[in-house]
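# Here is a sequence with its predicted model. Questions after.
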Amino acid sequence: TLNVASLDELNSLTGGQLPAVGPFSITTQISDADGKYVLSNYKLSLADTVMQGEITADLSSKIPNIKAKLQSSLVDLVPFQPEPPAEEEKVERYLSDEILPLEGLKSVNANIALKINEVRTRQATITDFDTTLSIDKGNLNIKPLSMKLASGSINGSVNVNASQKTAGVSVELNGKDIQLGQLEQLKEKLSGGATQITIRLKGNGNSSQAIAGGADGKLLVQVGSAEMKRN
């Protein structure tokens, strides 16, 4: 059992900049056999967020192998997102040229099944989030990926292959009947706007700017009728 009043109390151990969110606790039962560690009855609690399930870590090979089945009724990401600027700021580039930490994908193999009833963000609330994340020798697959957003649905897959010197990224997403008027930034401005989205993109690079700059594929957004709200 691990208990701390606030997540930032762990900064001295992690060397990071965790936010002052709490209380934070982890409870589990640990057993080991032949280099495999099983965390059963695993439960992580952080303020309103609760994650439960079972995790198996096989450390007998050079590269650790992690398997997990996790579920949650609520994951609140708002405390981990930056505060929106008070005024509109001029931005030279929206995508960074900083190198992404993709080397970490080569340090572990994993298969993680994740189900979350509700995910809170500053932009919108996602429901019925369901995916399986697998990592094999630096090749990350998020497939299948499904969720509900603003009375609509999103389905698809994401692949990040960092096994080569230059990473390859492919995204396939389909959005159906997403109501723009229900998104946090637009709900005071309009109603309706049922939107269909098709994304089929492939790119290569080791930064978000490089990947987007050379991306090729298809992007289709169809917006249905919407009504602007008067102030």
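Structure received. Numbering: from 1, shown residues only.
# other SSEs contacting the lengthiest helix in the chain?
If you go by DSSP state H, the chain has its longest helix at helix 208-213. Helices and strands touching helix 208-213, by 3 or more C-beta pairs under 8 Å, 6 or more residues apart in numbering; DSSP states H and E, are strand 194-204. (C-beta placed from N, C-alpha, C; glycine too.)
# Just the buried positions in the strand it packs on, please.
194, 195, 197, 198, 199, 201, 203, 204 (16 or more other C-beta atoms under 10 Å).
# Now do the contacts for residue 38.
30, 31, 32, 54, 55, 56 (C-beta atoms under 8 Å, 6 or more residues apart in numbering).
# mind checking which helix or strand residue 40 is in?
strand 36-46 (DSSP states H and E).
# partners of the helix or strand following that strand, with directions?
On the C-terminal side of strand 36-46, the closest following helix or strand by DSSP H and E is strand 49-58. Using DSSP bridges, the strands paired with strand 49-58 are strand 36-46 (antiparallel), strand 65-76 (antiparallel).
# Columns distance to residue 17 on top of those strands, output as TSV?
Below are those laid out as TSV (distance: least, C-beta to C-beta, whole Å):
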stretch	distance to residue 17
strand 36-46	16
strand 65-76	18
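# how about these in a markdown table, adding mean pLDDT?
Listed next are those as a markdown table, based on pLDDT from 0 to 100:
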| stretch | mean pLDDT |
| --- | --- |
| strand 36-46 | 95 |
| strand 65-76 | 97 |
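# residue ranges of the helices in the protein, please?
When assigned using DSSP H, the helices of the chain occupy the ranges 11-14, 208-213.
# most packed of those?
Each of those was scored by mean neighbour count; the highest is helix 208-213, a mean of 17, by mean count of other C-beta atoms under 10 Å.
# Any chance you could list what contacts that one?
Here helix 208-213 makes contact (C-beta under 8 Å, 6+ apart) with 93, 95, 96, 97, 100, 167, 169, 203, 204, 205.
# Residue 154 and residue 178 touch, don't they?
Yes - judged on C-beta atoms under 8 Å, residue 154 makes contact with residue 178 at a distance of 7.4 Å.
# Look at those two and report which has more neighbours.
Neighbours were counted for residue 154 and for residue 178 using other C-beta atoms under 10 Å; residue 178 has more, 23 against 19.
# quick one: the more buried one and residue 186 touch, right?
No - if you go by C-beta under 8 Å, residue 178 and residue 186 don't touch, sitting 11.1 Å apart.
# And the pLDDT at residue 124?
Looking at residue 124, its pLDDT is 89.
# So what's the residue count around the nearest residue to it once chain neighbours are set aside?
What sits nearest to residue 124 in space, not counting adjacent residues and going by C-beta to C-beta, 6 or more residues apart in numbering, is residue 183, at 5.2 Å. If you count neighbours by other C-beta under 10 Å, residue 183 ends up with 18.
# Where does pLDDT dip in this protein?
84-94, 231 (pLDDT under 70).
# that older thread, shared neighbours, residue 154 and residue 178?
The contact sets of residue 154 and residue 178 overlap at residue 197 (C-beta under 8 Å, 6+ apart).
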